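Engineer: The following block contains a protein sequence and its predicted model.
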Amino acid sequence: MSKTKTKYTSIGGQALIEGIMMRGPLKTAMAVRSPEGEIVVEDVECKSVSQRPSIFKLPLLRGIYGFIDSMALGSKTLMRSAELAGEADDEEELTPFEQKLNDIFGEKLFNIIMTIAMVLGFGLAILLFFVAPSAIYSGLAMLLPALKGNILLRSIFEGVFKIVMFILYIFLCTRMKEMHRVFEYHGAEHKTIFCYEAKQELTVENVRKFKRFHPRCGTSFLIIMLILGIVLGMCIQIETVWLRTIIRLCCLPLVMGVGYEVIRFCGKHDNLLTKILSAPGMWMQHITTFEPSDDQIECAIAAIKAVIPENSEGEIV
């Protein structure tokens, strides 16, 4: 029996609350398991890859646009999945303050709270991943003068600090029951995409056979960005904490662009180089993806079937 050639597709997804969002070349859809046990499939309004401005299809720029667009789309579908899964329903008695807010904002209250939480989370990420590493190293340099002026050591310290904080954060998330289920859906997403790329029928039995670690995963993208940040730090010959932080933030789009191109390259090639480049992200996926249950795989299949194009337009070229 001849081996079927792998089809590298541009279809990607994101694990949601009790569901999965899949984004294809022409459309985007989400499939969420309702409290009644039914799979609810909804189309998601967003620009397809073909509808993007031409300038944002160029190398590097497409990564910057894609990252920002994915963050916005991910937040939107995450909030919607919470509604479909019944997480937004509050059966407990509201406090007077909560009731007042509910009277003012009504059904929009949940989305407003989620938006505020994401903004605060973004601010915390800047503090933890940009300000804190540089500030801590500067503090150590005051105690140990030998560290002062050593840009190479500073860059390595900042990079390792970020990676350790990222891994610790993800690990703590896995201790939460709700997040553990999200990571199971993450595994279902990867397995389903692998099954589709292998040109096998999308059934629970077929999907379950595939591995849950995918080289084109967002986790791999984040790890590559952190590693690229170490290299970038070596080029910034400034030690002042606030100025170094501002410069690194300004260089973030460049890191996004390069990181995307690396992930894209790894996603459509399978050789020694791509295995080396993908290794850190693949290792990290041991704690960001878990083996899914059959009902979670069913959600992933429903989501990907809703976005598969009729021709080969979804293949990576």
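Structural biologist: Thanks, I have it.
Engineer: and the closest residue to G86 other than its chain neighbours, what helix or strand is that in?
Structural biologist: For G86, ignoring the flanking residues on the chain, the nearest one in space by Cβ to Cβ, 6 or more residues apart in numbering is P35 at 4.2 Å. No exception for glycine: its C-beta is placed from N, CA and C like everyone else's. Under the criterion DSSP states H and E, no helix or strand holds P35.
Engineer: got any ranges where the stretch 201-317 of the chain has weak pLDDT?
Structural biologist: The model of the stretch 201-317 of the chain has pLDDT under 70 over residues 311-317.
Engineer: in this protein, which spans are helices?
Structural biologist: Assigned helices in the chain, in chain order: 61-84, 96-105, 109-126, 132-143, 151-174, 177-197, 204-208, 218-235, 241-250, 252-268, 272-288, 294-305 (criterion: DSSP state H).
Engineer: now for those, which one comes closest to P53?
Structural biologist: Closest to P53 of the helices of the chain is helix 61-84 (Cβ to Cβ; 8.2 Å).
Engineer: Could you pull out the buried residues of the closest one?
Structural biologist: In terms of neighbour count (16 or more other Cβ atoms under 10 Å), helix 61-84 has its buried residues at 61-67, 69-70, 73-74, 76-82, 84.
Engineer: For that helix, what is the distance to the chain centroid?
Structural biologist: Computed by Cα atoms, centre = their mean, to the nearest Å, the separation of helix 61-84 from the middle of its chain amounts to 9 Å.
Engineer: where are the low-confidence patches of the stretch 51-200 of the chain?
Structural biologist: In the predicted model, the stretch 51-200 of the chain carries pLDDT under 70 at residues 87-111, 114.
Engineer: what's stretch 193-205 in contact with?
Structural biologist: Under the criterion Cβ atoms under 8 Å, 6 or more residues apart in numbering, residues 4, 6-9, 11-13, 192, 206-207, 209-211, 214, 294, 297-298, 301, 304-305, 308 lie in contact with stretch 193-205.
Engineer: Out of the helices of the chain, which gets nearest to L26?
Structural biologist: When the helices of the chain are compared by Cβ to Cβ, helix 294-305 sits nearest L26, at 13.1 Å.
Engineer: just checking, what packs against that closest one?
Structural biologist: strand 12-16, strand 19-23, strand 28-33, strand 39-44, helix 177-197, helix 204-208 (3 or more Cβ pairs under 8 Å, 6 or more residues apart in numbering; DSSP states H and E).
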